[in-house]
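> What shape does this take:
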Amino acid sequence: MKVARFHAPGDIRLEDVPEPRPRPGEVKVRVRNCSTCGTDVKIFRYGHHHIRPPRVMGHEIAGEIAELGDGVTGWSPGDRVQVIAAIPCGVCEECRRGHRTVCPNQESMGYHYDGGFAQYMIVPAKVLAVDGLNRIPDGVGFAEASVAEPLACVLNGQELARVGDGDDVVVVGSGPIGCLHVRLARSRGAGRVFLADLNADRLAMAADLVRPDAAICAGDVDLVDEVRKLTGGRGADVVVTAAASGAAQEQAVQMAARQGRISFFGGLPKDDPVIRLDSNLVHYRELTIVGANGSSPAHNARALGLIAGGAVPVADLITHRLGLPEVLDAIDVVGRGAAIKVTIEP
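Just a heads-up that it's a prediction; the model follows:
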């Protein structure tokens, strides 16, 4: 079978390998869609400390069960499934407290285990042990189901930031994550949702799809001043930084309304993670700043429900569908910001 394997930064190879066989407790899946994201671009360029090459990449996975390992019950060949990316251990103190997104023993598909840039893959027993294999609802295609993983992360972030009825929400970053934030905020009852980006072309492409109440090109105007104008000087109830930008995080504090909530959704580069924070703004405005680290298995299941029920449409966000031999093209398109969502169809 064909796989796309990471060997070193800048070195991903399309290779022929034997089809895997499931061991006891495992499930073999015929991958139908594995979507790409900015993390794949970072791995391609710089590698990752959790990846020991060679490793099949891809963590936004949907397909159908091809074979069951001994002892697996409740599933059958042909079942359509979505696979979680982040695998909590399920037994540590954080997991026992229900904090599965911050499990210190977390492992990931495409990092610790071979992922979905392959015709077939193995779902580890650890995934089944934490209810991380989800049935794809009727009416949801494989490509849409693969977007449940990033939507699950967005759902975790908005729950932590308490996005709700009547909120003015600013989303900084108009990539696929930013688009999902706009749509999820609307489904959660936000009053107005504003989308901002430095890249005018990508902002226009995203705004054409998700129709924010205003699209703000931060390369042309002062983002903080523009948000204040749009909100009558009050600021935003929620600011989500869906971009790896320290400047955006600093601006988020400045544009938040009194008792506003700020989600540092996008992580910063490991070699430049420190920002300048006006602590008095946090103090006197009673601001809340929260991080957001991936998603839990439960978030994935709920994300599939949001897609199936139409609360968060995702099919139109998939702007590029490419075959496995075109995986490097997919990574290039994502890296250039020339697409919203790119999916690989092995």
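
> which helices and strands sit right next to the least confident helix or strand in the chain by mean pLDDT?
Across the helices and strands of the chain, mean confidence by mean pLDDT, DSSP states H and E is lowest for helix 38-46: a mean of 93. With contacts taken as 3 or more Cβ pairs under 8 Å, 6 or more residues apart in numbering; DSSP states H and E, helix 38-46 sits against helix 327-335. The C-beta positions use only the backbone N, C-alpha and C, and glycine is treated the same way.

> mind checking how far the helix it packs on is from the chain centre?
17 Å (Cα atoms, centre = their mean, to the nearest Å).

> any idea of the angle that helix forms with helix 38-46?
Going by axes from the mean of the first three to the mean of the last three Cα atoms, to 10 degrees, helix 327-335 is angled at 110 degrees with respect to helix 38-46.

> And the contacts of stretch 122-136?
The contact list for stretch 122-136 (Cβ atoms under 8 Å, 6 or more residues apart in numbering) reads 20, 22-29, 62, 69, 72, 75, 79-84, 87-90, 100, 107, 109, 113-114, 142, 145, 148, 297-298, 300-301, 304.

> Among the residues you listed, which ones are in helices?
Among these, the residues falling in helices (DSSP state H) are 142, 145, 148, 297-298, 300-301, 304.

> Which secondary structure state does the most far-flung residue of the chain relative to its centre sit in?
The C-alpha centroid of the chain is most remote from residue 284, which lies 32.8 Å away (Cα atoms, centre = their mean). Look at residue 284: counting by DSSP: H, G, I helix; E, B strand; the rest coil, its state is helix.

> List the residues that contact it.
Not one residue lies near residue 284 by Cβ under 8 Å, 6+ apart.

> Distance-wise, check it relative to residue 278.
According to Cβ to Cβ, to the nearest Å, residue 284 stands 10 Å off from residue 278.

> At which residues are the helices of the chain located?
Going by DSSP H, the chain shows helices at 38-46, 93-96, 125-129, 142-146, 148-160, 176-187, 200-210, 223-230, 246-255, 279-285, 297-308, 327-335.

> what helices or strands is the last one leaning on?
Helices and strands in packing contact with helix 327-335 are listed as strand 11-16, helix 38-46, strand 318-323, strand 341-345; criterion 3+ Cβ pairs under 8 Å, 6+ apart.

> quick one on the thing from earlier: rebuild the helices of the chain as JSON lines, extending it with distance to residue 9.
As requested, those are exported to JSON lines (distance: least, Cβ to Cβ, whole Å):
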{"stretch": "helix 38-46", "distance to residue 9": "6"}
{"stretch": "helix 93-96", "distance to residue 9": "31"}
{"stretch": "helix 125-129", "distance to residue 9": "27"}
{"stretch": "helix 142-146", "distance to residue 9": "25"}
{"stretch": "helix 148-160", "distance to residue 9": "23"}
{"stretch": "helix 176-187", "distance to residue 9": "23"}
{"stretch": "helix 200-210", "distance to residue 9": "25"}
{"stretch": "helix 223-230", "distance to residue 9": "33"}
{"stretch": "helix 246-255", "distance to residue 9": "23"}
{"stretch": "helix 279-285", "distance to residue 9": "38"}
{"stretch": "helix 297-308", "distance to residue 9": "29"}
{"stretch": "helix 327-335", "distance to residue 9": "12"}
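
> Okay, the residue farthest from the centre of the chain and residue 290: tell me how far apart.
Applying Cβ to Cβ, the value for residue 284 to residue 290 is 19 Å.

> Repeat that for residue 251.
Counting by Cβ to Cβ, the gap from residue 251 to residue 290 is 17 Å.
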